[in-house]
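A structural model of the following input is requested.
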Amino acid sequence: MLMLYTIAFIVIEYILYNKYHSLWLALIIAIVQIILFQCFTYTMIAYITCFTGLLLLWVSERKGKFLAVILLIIGISIRKDVFLSLLVMFIPYIVYMFIKNDKRKGLINIVISLLCFISIGVVNNIVIRDNDAVKNYLEWNEKSTLIRDYPKVDYAKVSSQLTDLGVTRNDIRCLSNWIFVEKDTLGNKQLDAIDQQRPIYEKYQLHPIELMKSFLQEPYFVIYTLIGLFVLIIIKWKNALSASLILSTLACFGALLVRQRVVSRVYIPIIFISILMLIFTFMDSYKELRLKKNWQLVLMSTFMIFVIGVYGKEVDFHRVQKTIYNQETYDYINKNSDNLFVFESFKGMVESQHPIEKLKFDKNLYHDNMMTLGNWDTFSVRYYNQMNKYHIDDPDHFIANMLEYDHVRFIFNKDSLKKKTLIRWFEEHQNKKVDFKEVDRVSKYIVYEIKEV
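Residues are numbered from 1 along each chain as shown. Here you go, the predicted model:
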């Protein structure tokens, strides 16, 4: 992934330098590459890779199109939905290039882009068609995502409907606290029922005034809008290309607000890509500057305003996330390699792994006897392989069978709310009273086993 990220930025720098021959611009892009490394997620990589592939497809001749297709396919493979949002942002540029240049060449580029997207969908269907484990995981993950990604369910409003299906308030709390390794109570049927109880106005924000308030409460949306206005005021524009690019980006912001899913791993790459497109289309969009001699300085300064805003803003996602290596828990888990340890949080589990100090690392330094009660790969093939290795006979009902597994230990904080949630689950669904018995203490955590009382 790191190599892919680097290749994408090298291509971006090459395209911009080939057009403007500006070392300063190349330097700024290199600085941005380093800064955006803090946002190193699958979504970020997918956006940057797809964008680079699309841009290279439209600006390159025959030789460059092969690399463009490879980047597009890889980016779409990581996250298909990224391609669709990029397509919305690219529509103004595609229309402009289609009108300005050879229409046949433009049509070919459009067909190639769509074929890359469709081919990934076809390949995915072929791969999962005969793989029940992958198929079931994708189905369950999609349904559970519909619950987690939207605002929290108001159980009081739908309690009568959900009670008939055996879904309790505590079950909703399990989903909210990422406890879902139990398909009897949080399987596809229950997830569908929970999703169907919420009307469309709870899933989507459709009130114009509330949308505007939400927009103004997002500092990066406001920063981008000010940058867009700044560009349009300072520079006389020849056509509607740049204005359309800005509007298409604002449309993507609007979609995030309507969806009530405003997450920085999505809007940061969207803003970055939009500003890159404004820079790339500069000579095509504008015939003259009021500050004629300093147009590069003006545009790059505007870009740097955004970069400084991203880097300096007090938003946790964009600060370096310091993971403190916990030697004590690492040694404890290593010493008890026959046990399966369930961590309260993913952060605690990561801190208990050996730090990655080299690109090439020794796999023997890393443990696989750790898990949480729910994360993005729960019920995946990797999940089942791990359960099988540690003799969990019924991984679809991990919670229900906890009392049978003497080798399963819980590494929680003393005041963990997840203990209360699990105790309540046993009372409601198995009519059993259980408690967490302290077995050991390690670092800031307490090691528990669950027992019936």
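
only C-alpha atoms from now on, for both contacts and neighbour counts.
Will do.

chain center to the longest helix anywhere in the chain: distance?
Across the chain, the longest stretch assigned as helix under DSSP state H is helix 103-129. Averaged C-alpha coordinates place helix 103-129 at 23 Å from its chain's average position (CA atoms, centre = their mean, to the nearest Å).

quick one: name whatever helix or strand follows that helix.
On the C-terminal side of helix 103-129, the nearest following helix or strand under DSSP states H and E is helix 132-148.

which helices and strands sit right next to that following helix?
Using 3 or more CA pairs under 8 Å, 6 or more residues apart in numbering; DSSP states H and E as the contact criterion, the secondary-structure elements in contact with helix 132-148 are helix 103-129, helix 169-176, helix 188-196, helix 381-389.

how close does the residue nearest to Ala400 when sequence neighbours are not counted get to Glu351?
Spatial nearest neighbour of Ala400, chain neighbours left out: Glu182 (7.1 Å); criterion: CA to CA, 6 or more residues apart in numbering. Applying CA to CA, to the nearest Å, the value for Glu182 to Glu351 is 26 Å.

do the same with Tyr267
28 Å.

check Leu257 too.
34 Å.

kindly report the same for Ile194.
34 Å.

mind checking which of these two has more residues around it?
Residue environment comparison for Ile194 versus Glu351 gives the larger neighbour count to Ile194, 23 against 17, counting by other CA atoms under 10 Å.

the closest residue to the more buried one other than its chain neighbours and Glu202: what is the separation?
If you skip the residues right next to it in sequence, Ile194 has Leu162 as its closest partner in space, 7.1 Å away by CA to CA, 6+ apart. To Glu202, Leu162 is 17 Å away according to CA to CA.

can you pull out the strands in the chain?
With strands called from DSSP state E, the chain shows them at 235-237, 286-289, 340-343, 370-372, 408-412, 434-442, 445-452.

out of those, flag the one nearest Lys135.
Taking CA to CA as the measure, the strands of the chain were each checked against Lys135, and strand 370-372 came out nearest at 22.1 Å.

mean confidence for the closest one?
This predicted structure assigns strand 370-372 an average pLDDT of 89.

quick one: contacts of that strand?
340-346, 349 (CA atoms under 8 Å, 6 or more residues apart in numbering).

and Ile423, how close does it get to Asn170?
Here the distance between Ile423 and Asn170 works out to 10 Å (CA to CA).

Ile48 too?
Distance check for Ile48 against Asn170: by CA to CA, it reads 40 Å.

give me the more crowded residue out of those two.
Of the pair Ile48 and Asn170, Ile48 is the one with more neighbours under other CA under 10 Å, namely 23 against 16.

which one is the more buried one nearest to, not counting chain neighbours?
With CA to CA, 6+ apart as the measure, Ala8 is the residue that lies nearest to Ile48, at 6.7 Å, once sequence neighbours are left out.

show me what contacts the one you found?
Per CA under 8 Å, 6+ apart, neighbours of Ala8: 48-49, 52, 71.
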